[in-house]
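> no sequence for this one, just the structure:
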């Protein structure tokens with residue numbers, strides 16, 4: 001009998017999984033509570049390990065055609081003085097080290113990939129209730145009142161996953177820091193990822209295509225405040241006030257009313273198993289992380305590719321799911337640990353002595369550490 005899978009969440013991970021499973025001939029449905037393919041956020045960098053997963057899904061060329069590729073990351077101080085030009089090792093097997101892309105473009109590529117392989121996408125719909133059935137499947141009652149049986153329900157419903165909360169009662173952990181993002185016209189000097197170390201903060205730039213880039217700013221936000229959107233411009237420009245050079249120039253281009261995205265940096269890393277009574281938690285629902293290695297969505301894309309590979313094989317789910325989880329957990333932990341370590345190191349710069357120590361590390365130690373992580377992520381996923 002053909003395997004039937006229900007995916008909760010039509011974001012990057014959910015749509016990638018819908019495409020991966022559909023390519024393997026698995027009868028797959030994606031439900032998304034939003035009424036259409038609405039995309040939150042500005043842009044996203046897809047590192048080489050996730051680009052290899054997209055290549056496995058046959059989507060690499062289209063993604064590269066909409067994005068901006070680069071293999072170098074530059075680290076500067078707050079006045080734009082270059083400290084380190086770091087070449088990534090993630091570009092292997094004919095795949096670029098990085099491709100930054102607008103989120104809406106990536107979402108449309110993944111949605112079309114689902115449609116092309118017959119995966120059904122039902123917008124404005126989610127799961128109301130679910131229960132395991134005597135034959136080992138799951139009966140899911142959807143919010144439109146329909147009830148259907150599936151072999152497995154997969155939740156890619158994000159860091160604030162209601163299904164993780166229902167199953168395990170686990171909430172994300174706030175790190176103490178948040179990130180601000182805003183899209184701007186691409187500056188001609190921004191042809192690669194660029195970071196700028198401030199005193200207790202960090203700014204960054206990513207090219208998204210030939211016309212657009214985004215600026216990010218990581219800041220301490222004690223108590224996890226919920227700032228009023230109307231004040232985002234004032235808050236961001238004030239927090240960038242200590243930067244000169246390129247970041248100072250770009251700060252002055254940000255206008256009131258700009259579409260600024262603000263998000264607390266939170267983490268989730270569930271212990272195994274991620275599978276509970278017919279529900280498999282993946283993506284940010286299982287392993288959310290700081291954005292400092294741009295691996296959050298990358299791990300979700302890898303999840304999707306490996307899920308399609310494993311569930312496309314013959315065999316019973318109780319035998320296949322442990323193999324899948326054992327392959328995924330160590331990689332998610334490597335990426336999360338590396339991202340957290342970078343975040344904490346960069347934020348531990350609130351006085352001159354600690355800032356000088358971080359500057360010395362960027363110049364003399366960061367390359368070796370970064371390449372160690374790249375080597376780990378270059379192993380097969």
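Here it is on my side, so go on. This one's a predicted model, so the numbers in the text were calculated from it and none came from an experiment. Numbering: from 1, shown residues only.

> Now do the SS call for residue 76.
Using DSSP: H, G, I helix; E, B strand; the rest coil, the three-state assignment for residue 76 comes out as strand.

> ok, it to residue 90 distance?
From residue 76 over to residue 90 the distance is 21 Å, taken as CB to CB, to the nearest Å. To be clear about C-beta, it is placed using only N, CA and C from the backbone, and glycine gets the same treatment.

> State the helix or strand in which the nearest residue to residue 260 once chain neighbours are set aside lies.
Closest residue to residue 260 apart from its sequence neighbours, by CB to CB, 6 or more residues apart in numbering: residue 232 at 4.1 Å. For residue 232, the element it lies in under DSSP states H and E is helix 232-239.

> what does residue 14 give?
Using DSSP H and E, residue 14 sits within helix 12-23.

> which helices and strands does that helix pack with?
strand 4-8, strand 27-32, helix 103-116, helix 296-311 (3 or more CB pairs under 8 Å, 6 or more residues apart in numbering; DSSP states H and E).

> looking at those, which is closest to residue 131?
With distances scored as CB to CB, the stretch of those nearest to residue 131 is strand 4-8 (13.2 Å).

> Pairing partners for that closest one, with directions?
When pairing is defined by DSSP bridges, strand 4-8 lines up against strand 27-32 (parallel), strand 152-155 (parallel).

> follow-up on the earlier one: so how far is residue 240 from the residue nearest to residue 260?
12 Å.

> Which one of these two is surrounded by more residues?
residue 240 (23 against 20; other CB atoms under 10 Å).

> so who does the closest residue to that one other than its chain neighbours touch?
The spatial neighbour of residue 240 that comes closest, neighbours along the chain excluded (CB to CB, 6+ apart), is residue 251 at 4.3 Å. Taking CB atoms under 8 Å, 6 or more residues apart in numbering as the definition of contact, the neighbours of residue 251 are 237, 240, 241, 243.

> Tell me which stretches of this structure form helices.
Here the chain has its helices, by DSSP state H, at 12-23, 48-56, 60-66, 103-116, 162-168, 232-239, 245-251, 284-287, 296-311, 317-347, 352-364, 366-377.

> in the sheet, who's paired with the nearest residue to residue 224 once chain neighbours are set aside?
Nearest residue to residue 224 in three dimensions, chain neighbours excluded: residue 174, at 4.7 Å (CB to CB, 6+ apart). The residues listed as beta-bridge partners of residue 174 by DSSP bridges are residue 266.

> what about residue 174, neighbour count?
Taking other CB under 10 Å as the neighbour definition, residue 174 ends up with a count of 14.

> between the strands paired with strand 4-8, which one is nearest to residue 354?
Between residue 354 and these, the shortest separation by CB to CB is 40.2 Å, and it involves strand 152-155.

> May I see the helices and strands packed on helix 12-23 organised as TSV, with distance to residue 261 added?
Compiled in TSV, the helices and strands packed on helix 12-23 are given as follows (distance: least, CB to CB, whole Å):
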stretch	distance to residue 261
strand 4-8	24
strand 27-32	20
helix 103-116	10
helix 296-311	14
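
> ok, now how distant is the residue nearest to the spatial centre of the chain from residue 354?
When the chain is reduced to its mean C-alpha position, the closest residue under CA atoms, centre = their mean turns out to be residue 297, at 2.3 Å. Counting by CB to CB, the separation of residue 297 from residue 354 is 31 Å.

> returning to what we had before: quick one, what contacts the residue nearest to the centre of the chain?
Counting by CB under 8 Å, 6+ apart, residue 297 touches 12, 13, 44, 46, 50.

> For the last one, which non-adjacent residue is closest in space?
Leaving out its chain neighbours, the residue that sits closest to residue 50 by CB to CB, 6+ apart is residue 298, at 3.5 Å.
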